[in-house]
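In: For reference, the sequence and a predicted model appear below.
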Amino acid sequence: MPRDALLAPETKITLVFMFLGLTAWYLVGTVTESDLLELGALFGIGIVVPTLINELRRRSESESG
């Protein structure tokens, strides 16, 4: 069984951006003391961006399919 079949593309996108969000949160925390910027990096990159990407992919698949 191929490994790619174990994870859906949406899950892969979410996992990558969760890692990027946590990394951005850590880096922003080391550079600045702004809790608001840390929260924005964590939620913006870790939650909002992958949600938008997955929704755009679903819409484009439903229009072409």
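Out: Alright, I've got the coordinates. Numbering: from 1, shown residues only.

In: List the contacts of stretch 46-64.
Out: Outside of stretch 46-64, the residues within contact range by CB atoms under 8 Å, 6 or more residues apart in numbering are P9, E10, I13, T14, V16, F17, M18, L20, G21, L22, A24, W25. Heads up, the C-betas are built off the backbone N, CA and C, glycines and all.

In: May I see the buried residues of that stretch?
Out: Residues of stretch 46-64 classed as buried by neighbour count (16 or more other CB atoms under 10 Å): G46, V49, P50, I53, N54.

In: thinking again about what came up before, can you tell me which of the contacts of stretch 46-64 are buried?
Out: Buried residues within the contacts of stretch 46-64, counting neighbours by 16+ other CB under 10 Å: I13, T14, F17, G21, A24, W25.

In: give the contact list for L27.
Out: A41.

In: typed the wrong thing, it's E10
Out: Residues near E10 by CB under 8 Å, 6+ apart: N54, R57.
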